[in-house]
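A.B. asks: Have a look; sequence and predicted model below, questions after that.
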Amino acid sequence: MQLTLTLSGSGMQLLLLVSSLLLWENVASKPTAIVSTDDLYHRLVEQSHNTFIMAADVYREFDINFAKRSWMKDRILPLCHTASIHTPENLEEVHEMKTEDFLNSIINVSVSWKEPLKHLVSAVTALPGASVSMGKKAVDMKDKNLIILEGLQTLYNRTQAKVEENFENFDYPAWSGLKDLQSSDEDTHLFAIYNLCRCFKRDIHKIDTYLKVLRCRVVFKNECGVSTF
Ligand SMILES: *[C@@H]1O[C@H](CO)[C@@H](O)[C@H](O)[C@H]1NC(C)=O
Ligand SMILES: *[C@@H]1O[C@H](CO)[C@@H](O)[C@H](O)[C@H]1NC(C)=O
């Protein structure tokens, strides 16, 4: 990993990708303390970016093959279960938010997806007509969310947060869609899957964007274009 840091440009990107593929699992299951904070940001951005691409794929495939056009006029898209988590909405709010508070709210989003993603995996893999690749991507999304979460918690632990967070008792918004997801009414069942795919895609995009903003702040000391925001 040290070697890759002396490289720049696409060479570094490629090596980071390769090394995160090779090493990430290892790093995730062993103490992350050995990974520098800069490195951890690079890896997390890589992971969240890839996870967003998977989530967009799953959403697209579900939308094309299973979503019903009638939903758009017959049903109201519900708020995502994470909607109440406060995250900055504009550049000014981003700049005002302390790194630990920022991390805390991204952790909140990630934690609140642990449960629903498990159920999404069961629903997608049991869905008649769903491709094997869509099922695999759903499993991957669930696993990657846990890896990203652990990375975020490690970063949080390294900030100067006054109260050390005990993540065991972390308070997060509960997801209440299980009944609909397991409904025997096909339309209700499919609409519940649709909303999980839609909301996860939205939230992982948020996590990815915020991680890039934080990396810019922490690793590059704000010396990078935050045009993505
Ligand atoms: C997570 O967000 C919810 C909803 O806004 C909030 O009630 C809860 O306190 C947050 N958790 C933490 C640990 O900040
Ligand atoms: C962060 O610190 C808390 C409190 O000391 C600890 O319980 C937790 O395991 C740590 N998490 C990580 C991912 O380092």
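C.D. replies: Right, received. Where do you want to start? Ligands and ions are numbered 1, 2, ... in the order given.
A.B. asks: what residues does this protein put near ligand 1?
C.D. replies: Neighbours of ligand 1 within the chain, by Cβ under 6 Å from any ligand atom: 84-86, 104, 108, 170-173. The way it works is simple: take the backbone N, C-alpha and C, and place the C-beta from them, glycine included.
A.B. asks: so R215 makes contact with E46?
C.D. replies: No - using Cβ atoms under 8 Å, R215 is not in contact with E46, being 10.5 Å away.
A.B. asks: picking up where we left off before, could you export the residues of the chain next to ligand 1 as a markdown table, including secondary structure and pLDDT?
C.D. replies: Listed next are the residues of the chain next to ligand 1 as a markdown table, based on DSSP: H, G, I helix; E, B strand; the rest coil; pLDDT from 0 to 100:
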| residue | secondary structure | pLDDT |
| --- | --- | --- |
| S84 | coil | 96 |
| I85 | coil | 96 |
| H86 | coil | 93 |
| N104 | helix | 94 |
| N108 | helix | 97 |
| F170 | coil | 88 |
| D171 | coil | 92 |
| Y172 | coil | 95 |
| P173 | coil | 96 |
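A.B. asks: which of these lies closest to ligand 2?
C.D. replies: Within the residues of the chain next to ligand 1, proximity to ligand 2 (Cβ to the nearest ligand atom) peaks at F170, which comes in at 10.4 Å.
A.B. asks: The most centrally placed residue in the chain: which element?
C.D. replies: Centroid check for the chain by Cα atoms, centre = their mean gives I204 as the closest residue, at 3.5 Å. In the assignment (DSSP states H and E), I204 maps to helix 186-218.
A.B. asks: Same question for K137.
C.D. replies: helix 132-158.
A.B. asks: Could you give me the buried positions within that helix?
C.D. replies: Residues 134-135, 137-142, 144-145, 147-156, 158 are the ones in helix 132-158 that count as buried (16 or more other Cβ atoms under 10 Å).
A.B. asks: Helix, strand or coil: sort out S183 for me.
C.D. replies: The three-state label given to S183 by DSSP: H, G, I helix; E, B strand; the rest coil is coil.
A.B. asks: My guess is it contacts A192. True?
C.D. replies: Yes - between S183 and A192 there is a contact under Cβ under 8 Å: 7.0 Å.
A.B. asks: which of the two has more neighbours?
C.D. replies: Using other Cβ atoms under 10 Å, the more surrounded residue of S183 and A192 is A192, with 22 against 15.
A.B. asks: Distance check, the more buried one against D39.
C.D. replies: Per Cβ to Cβ, to the nearest Å, A192 is found 38 Å from D39.
A.B. asks: Same question for S112.
C.D. replies: For S112 relative to D39 (Cβ to Cβ), the value is 27 Å.
A.B. asks: again with T99
C.D. replies: According to Cβ to Cβ, T99 stands 17 Å off from D39.
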